[in-house]
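Undergrad: generate coordinates for the sequence data below:
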Amino acid sequence: MLAVLPFTALAVEPDEILADPALEARAREISKDLRCVVCQNQDIDSSNAGVARDLRLLVRERLVAGDTDAEVIEFVRARYGDFVLLKPPFKPETYALWLTPAFLALFGTGIVIVVLRSGRKRQVAERLSDDDERVVAGMLAAEKGGTA
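TA: Numbers count the residues shown, from 1 in each chain. Model (predicted):
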């Protein structure tokens, strides 16, 4: 276990690490799914904030007490709300959060299609009138006669 620790640039302090490697691995996985409530979109496993440390300890306490991963996450969510979850659930309160990116992607794709299609429109040349055709024919004849 100590050989793996140097490769993890996480904020978990040595006194937080559980003796049981299986429980510690579960605690790390759960901690990666929980948001630090005072940090900018950072999981509690990599946050140095005091609240994140408290949450990491709470997760480990619940695991040692025998809770499943889902029970631990629900325990924390019940106290801090859905905000603490890095992957919020898909429910009416979060529809905008989940659907806005898809809507923006469709809207952007629509704009690109409209722009590309408007650039491709071919302009149909109008037929020259008889007078214009005579003028052009005369100019071409004059040009040929003058250079030959």
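
Undergrad: helices and strands of the protein: which one bottoms out on pLDDT?
TA: Across the helices and strands of the chain, the lowest-confidence element by mean pLDDT, DSSP states H and E is helix 130-147, at a mean of 86.

Undergrad: gap between Val84 and Asp69?
TA: For Val84, the distance to Asp69 equals 15 Å [CB to CB, to the nearest Å]. (C-beta placed from N, C-alpha, C; glycine too.)

Undergrad: so those two - more neighbours on which side?
TA: Here Val84 and Asp69 are compared on neighbour count by other CB atoms under 10 Å; more neighbours surround Val84, at 19 against 15.

Undergrad: quick one: secondary structure of the most centrally placed residue in the chain?
TA: Centre of the chain computed as the mean C-alpha position; nearest residue by CA atoms, centre = their mean is Pro101, 8.3 Å away. Reducing the assignment to helix, strand or coil with DSSP: H, G, I helix; E, B strand; the rest coil, the entry for Pro101 is helix.

Undergrad: same for the host helix or strand of Ala27, what does it pack against?
TA: Using DSSP states H and E, Ala27 sits in helix 21-32. With contacts defined as 3 or more CB pairs under 8 Å, 6 or more residues apart in numbering; DSSP states H and E, the secondary structure elements packing on helix 21-32 are helix 50-64, helix 69-80.

Undergrad: Lys91 and Asp69: what is the separation?
TA: Computed as CB to CB, the Lys91 to Asp69 distance reads 20 Å.

Undergrad: can you spell out the domain ranges of this protein, please?
TA: For the chain, automatic domain parsing gives the domain ranges 5-84, 92-147.

Undergrad: distance from the chain centre to the least confident helix or strand of the chain, please.
TA: Chain-centre distance of helix 130-147: 64 Å, with CA atoms, centre = their mean, to the nearest Å.

Undergrad: please consider this matter closed, and thank you.
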